[in-house]
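> make a model of this:
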Amino acid sequence: MDSDDISPNKPGEPLTLLVKQDLDPLSVAELEARIAALEGEISRTRKKIEAVVNHRASADAIFRR
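Here you go, the predicted model:
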C-alpha cells in the first residue's frame, strides 16, 4: 500500500506522518517496539469497530420492533 493511498489530502495527520517516517535509522529493537505499538493500536481499533457495530445493531433492533 502506498502511503498516498491512506491520506493524500491530509499531510499533517498522524497516520500520514507515521507511514512516511524513515525507518532506516531505527535499530532492530526500535523496529520491534514500533511493531508492538502498531499491533496494539490495531487491536484497539478493531475493538472500537466491534463496539460501534454492536451498538448500531442494538439500536437497529430496538427501533425495528
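> can you map out the helices along this protein?
Along the chain, the segments classed as helices by DSSP state H run 3-6, 14-20, 28-63.
> hey, least reliable of the ones you listed by pLDDT?
Mean pLDDT is lowest for helix 3-6 among the helices of the chain, at a mean of 56.
> reformat the helices of the chain as TSV; add mean neighbour count.
C-betas here are computed from N, CA, C, even on glycine. As requested, those are exported to TSV (neighbours: other Cβ atoms under 10 Å):
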stretch	mean neighbour count
helix 3-6	12
helix 14-20	13
helix 28-63	10
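> how near is residue 28 to residue 18?
19 Å (Cβ to Cβ, to the nearest Å).
> cool, and residue 27?
Taken as Cβ to Cβ, the span from residue 27 to residue 18 is 18 Å.
> using PDB, write out every CA atom in stretch 40-59.
Coordinates of the C-alpha atoms in stretch 40-59 are reproduced here as PDB (Å, rounded to 0.1, in the frame of the first residue of the first chain):
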ATOM      1  CA  GLY A  40      -1.600  -2.700  20.000                       C
ATOM      2  CA  GLU A  41      -3.200   0.200  18.000                       C
ATOM      3  CA  ILE A  42      -4.600  -2.300  15.500                       C
ATOM      4  CA  SER A  43      -6.200  -4.300  18.400                       C
ATOM      5  CA  ARG A  44      -7.600  -1.100  19.900                       C
ATOM      6  CA  THR A  45      -9.100   0.000  16.600                       C
ATOM      7  CA  ARG A  46     -10.600  -3.400  15.900                       C
ATOM      8  CA  LYS A  47     -12.300  -3.400  19.400                       C
ATOM      9  CA  LYS A  48     -13.700   0.100  18.600                       C
ATOM     10  CA  ILE A  49     -15.100  -1.100  15.300                       C
ATOM     11  CA  GLU A  50     -16.700  -4.100  17.000                       C
ATOM     12  CA  ALA A  51     -18.200  -1.900  19.700                       C
ATOM     13  CA  VAL A  52     -19.600   0.500  17.100                       C
ATOM     14  CA  VAL A  53     -21.100  -2.300  15.000                       C
ATOM     15  CA  ASN A  54     -22.600  -3.900  18.100                       C
ATOM     16  CA  HIS A  55     -24.000  -0.600  19.300                       C
ATOM     17  CA  ARG A  56     -25.500   0.000  15.900                       C
ATOM     18  CA  ALA A  57     -27.000  -3.400  15.800                       C
ATOM     19  CA  SER A  58     -28.600  -2.900  19.200                       C
ATOM     20  CA  ALA A  59     -30.100   0.400  18.200                       C
END
